[in-house]
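In: Attaching a predicted model along with its sequence, questions to come.
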Amino acid sequence: MIAKNLFKNPVLIIGILFLAIFLMGLSKKGYLRNARKNLIPTSCRATLVKLNRRIPANWKTECEGNNLSINITYVETKKFDDSKLRQYLYREVANNLIHIAKNSPDDNLERVDIVRLKYQHPKLIVNAVTEGKYLVKLATLKNKKLIAEHFKTTVQIQETK
(Lines give C-alpha, C1' and ligand atoms only; values in the text may rest on other atoms or scores of the structure.)
Protein backbone atom coordinates (compact mmCIF):
# COMPACT_ATOMS: atom_id res chain seq x y z
CA MET A 1 0.00 0.00 0.00
CA ILE A 2 2.86 2.40 0.78
CA ALA A 3 4.55 1.53 -2.51
CA LYS A 4 1.29 2.16 -4.36
CA ASN A 5 1.00 5.66 -2.83
CA LEU A 6 4.65 6.42 -3.58
CA PHE A 7 4.28 5.46 -7.23
CA LYS A 8 1.24 7.73 -7.52
CA ASN A 9 3.50 10.65 -6.41
CA PRO A 10 6.79 10.39 -8.31
CA VAL A 11 7.87 13.84 -7.09
CA LEU A 12 7.82 12.52 -3.52
CA ILE A 13 10.18 9.67 -4.48
CA ILE A 14 12.58 12.10 -6.14
CA GLY A 15 12.46 14.37 -3.07
CA ILE A 16 13.26 11.48 -0.74
CA LEU A 17 16.19 10.43 -2.96
CA PHE A 18 17.59 13.98 -3.04
CA LEU A 19 17.27 14.22 0.74
CA ALA A 20 19.17 10.93 1.16
CA ILE A 21 21.93 12.11 -1.19
CA PHE A 22 22.15 15.44 0.63
CA LEU A 23 22.45 13.76 4.06
CA MET A 24 25.11 11.33 2.81
CA GLY A 25 27.09 14.27 1.44
CA LEU A 26 26.94 16.00 4.82
CA SER A 27 28.10 12.90 6.64
CA LYS A 28 31.05 12.44 4.24
CA LYS A 29 32.17 16.02 4.89
CA GLY A 30 32.05 15.42 8.65
CA TYR A 31 29.23 17.78 9.60
CA LEU A 32 27.12 15.06 11.21
CA ARG A 33 29.93 13.70 13.41
CA ASN A 34 29.85 16.82 15.59
CA ALA A 35 26.06 16.79 15.64
CA ARG A 36 26.03 13.24 16.96
CA LYS A 37 28.50 14.20 19.70
CA ASN A 38 26.40 17.25 20.63
CA LEU A 39 23.26 15.15 21.03
CA ILE A 40 24.68 13.00 23.83
CA PRO A 41 23.11 14.28 27.06
CA THR A 42 25.47 15.00 29.95
CA SER A 43 25.18 16.96 33.17
CA CYS A 44 27.79 19.36 31.84
CA ARG A 45 25.61 20.34 28.87
CA ALA A 46 22.60 20.79 31.15
CA THR A 47 24.67 23.06 33.37
CA LEU A 48 25.83 25.14 30.43
CA VAL A 49 22.28 25.84 29.26
CA LYS A 50 21.59 28.07 32.26
CA LEU A 51 25.17 29.22 32.86
CA ASN A 52 25.71 30.55 29.33
CA ARG A 53 22.86 33.02 29.80
CA ARG A 54 24.55 34.62 32.81
CA ILE A 55 28.25 34.82 31.94
CA PRO A 56 30.21 37.86 30.76
CA ALA A 57 31.48 38.22 27.21
CA ASN A 58 35.10 37.41 28.11
CA TRP A 59 34.21 33.87 29.25
CA LYS A 60 34.39 30.84 26.97
CA THR A 61 32.69 27.66 28.18
CA GLU A 62 33.03 24.16 26.82
CA CYS A 63 32.16 20.60 27.77
CA GLU A 64 34.82 17.93 27.45
CA GLY A 65 32.76 14.82 28.03
CA ASN A 66 31.22 15.43 31.44
CA ASN A 67 33.92 17.93 32.45
CA LEU A 68 33.24 21.66 32.42
CA SER A 69 36.00 23.91 31.07
CA ILE A 70 35.87 27.69 31.45
CA ASN A 71 38.46 30.08 30.01
CA ILE A 72 38.41 33.69 31.20
CA THR A 73 40.52 36.37 29.58
CA TYR A 74 41.47 39.36 31.68
CA VAL A 75 39.83 42.63 30.71
CA GLU A 76 42.12 45.42 31.87
CA THR A 77 40.36 47.64 34.34
CA LYS A 78 43.17 48.43 36.78
CA LYS A 79 46.94 48.16 36.78
CA PHE A 80 48.49 46.20 39.62
CA ASP A 81 52.02 45.84 40.94
CA ASP A 82 53.39 42.34 40.83
CA SER A 83 52.99 42.02 44.60
CA LYS A 84 49.22 42.66 44.47
CA LEU A 85 48.58 40.88 41.15
CA ARG A 86 48.70 37.36 42.55
CA GLN A 87 46.33 38.27 45.37
CA TYR A 88 43.93 39.94 42.91
CA LEU A 89 43.91 36.95 40.53
CA TYR A 90 43.24 34.45 43.32
CA ARG A 91 40.35 36.58 44.55
CA GLU A 92 38.96 36.80 41.00
CA VAL A 93 39.20 33.01 40.57
CA ALA A 94 37.34 32.52 43.86
CA ASN A 95 34.65 35.04 42.91
CA ASN A 96 34.23 33.45 39.48
CA LEU A 97 33.86 29.96 40.96
CA ILE A 98 31.21 31.32 43.33
CA HIS A 99 29.49 32.95 40.34
CA ILE A 100 29.45 29.58 38.55
CA ALA A 101 28.01 27.87 41.63
CA LYS A 102 25.25 30.43 42.09
CA ASN A 103 24.22 30.61 38.42
CA SER A 104 24.17 26.89 37.63
CA PRO A 105 21.47 24.35 38.46
CA ASP A 106 22.56 22.59 41.66
CA ASP A 107 21.46 19.10 40.70
CA ASN A 108 23.27 19.23 37.35
CA LEU A 109 26.44 20.86 38.64
CA GLU A 110 26.62 18.22 41.37
CA ARG A 111 26.93 15.51 38.71
CA VAL A 112 29.65 17.29 36.69
CA ASP A 113 32.89 15.41 37.24
CA ILE A 114 35.55 18.11 36.97
CA VAL A 115 35.27 21.89 36.71
CA ARG A 116 38.37 23.59 35.28
CA LEU A 117 38.69 27.37 35.34
CA LYS A 118 41.55 29.06 33.51
CA TYR A 119 42.05 32.77 34.23
CA GLN A 120 44.41 34.37 31.72
CA HIS A 121 46.24 37.57 32.58
CA PRO A 122 49.14 38.81 30.40
CA LYS A 123 51.60 38.35 33.26
CA LEU A 124 50.18 35.26 35.00
CA ILE A 125 47.81 32.41 34.20
CA VAL A 126 45.92 30.76 37.05
CA ASN A 127 44.33 27.32 36.61
CA ALA A 128 41.83 26.10 39.17
CA VAL A 129 40.43 22.57 39.24
CA THR A 130 37.68 21.21 41.46
CA GLU A 131 34.84 18.72 41.37
CA GLY A 132 31.25 19.72 40.73
CA LYS A 133 29.98 18.27 44.00
CA TYR A 134 32.31 20.57 45.95
CA LEU A 135 31.55 23.60 43.84
CA VAL A 136 27.81 23.36 44.58
CA LYS A 137 28.47 24.03 48.27
CA LEU A 138 29.94 27.46 47.47
CA ALA A 139 26.51 28.80 46.54
CA THR A 140 25.31 28.53 50.15
CA LEU A 141 28.42 29.68 52.04
CA LYS A 142 28.35 33.29 53.27
CA ASN A 143 31.18 33.52 55.81
CA LYS A 144 34.56 34.53 54.31
CA LYS A 145 36.49 32.20 56.61
CA LEU A 146 34.33 29.22 55.63
CA ILE A 147 34.72 30.06 51.95
CA ALA A 148 38.51 30.34 52.31
CA GLU A 149 38.67 27.00 54.16
CA HIS A 150 36.49 25.35 51.54
CA PHE A 151 38.79 26.60 48.78
CA LYS A 152 41.89 25.35 50.56
CA THR A 153 40.48 21.84 50.89
CA THR A 154 38.68 21.38 47.56
CA VAL A 155 40.28 23.59 44.88
CA GLN A 156 43.67 22.85 43.36
CA ILE A 157 45.52 25.86 41.91
CA GLN A 158 48.37 26.01 39.40
CA GLU A 159 50.19 29.16 38.27
CA THR A 160 52.04 29.58 34.99
CA LYS A 161 53.78 32.65 33.64
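Out: Structure received. Residues are numbered from 1 along each chain as shown.

In: I'd guessed Phe151 sits against Ala94; true?
Out: Yes: the pair Phe151 / Ala94 is scored as a contact, 6.0 Å apart, by Cβ atoms under 8 Å. Where you see a C-beta, it was placed from the backbone N, CA and C, and this is true even at glycine.

In: where does Lys37 land on pLDDT?
Out: With respect to pLDDT, Lys37 scores 68.

In: What distance do you get for Ser69 to His121?
Out: To His121, Ser69 is 18 Å away according to Cβ to Cβ, to the nearest Å.

In: and stretch 46-65, how far apart are its ends?
Out: Stretch 46-65 has an end-to-end distance of 12 Å (Cα to Cα, to the nearest Å).

In: contacting residues around the closest residue in space to Gly132 that isn't next to it in sequence?
Out: Once flanking residues are discounted, Gly132 sits nearest to Val112: 3.3 Å by Cβ to Cβ, 6 or more residues apart in numbering. Residues in contact with Val112 (Cβ atoms under 8 Å, 6 or more residues apart in numbering) are 43-44, 47, 66-68, 131-132, 135.

In: secondary structure class for Val112?
Out: Secondary structure, DSSP: H, G, I helix; E, B strand; the rest coil: Val112 is coil.

In: How about the one 5 residues further on?
Out: For Leu117, the secondary-structure state derived from three-state DSSP is strand.

In: List the residues that contact it.
Out: 70, 72, 93, 96-97, 100, 127-129.

In: what do you get if the cut-off is 10 Å, keeping everything else the same?
Out: 59, 68-72, 92-94, 96-97, 100, 126-130, 135, 155, 157 (Cβ atoms under 10 Å, 6 or more residues apart in numbering).

In: Check Glu110 too.
Out: Glu110 sits next to 43, 47, 104, 131-137 when contact means Cβ under 10 Å, 6+ apart.

In: Pull out the buried residues from these.
Out: For the contacts of Glu110, a burial check counting by 16 or more other Cβ atoms under 10 Å picks out 43, 47, 104, 132, 134-136.

In: Confirm for me that Glu64 is in contact with Ile114.
Out: Yes: in this structure, Glu64 is within contact of Ile114 by Cβ atoms under 10 Å, at 8.6 Å.

In: So, low pLDDT: which residues of this protein?
Out: Across the chain, the ranges flagged by pLDDT under 70 are 1, 32-38.

In: So if we follow the domain assignment, how does it break up?
Out: For the chain, automatic domain parsing gives the domain ranges 2-38, 43-160.

In: Can you say which of those domains is packed in most?
Out: Most buried of the domains of the chain, by mean neighbour count (mean count of other Cβ atoms under 10 Å): domain 43-160, with a mean of 15.
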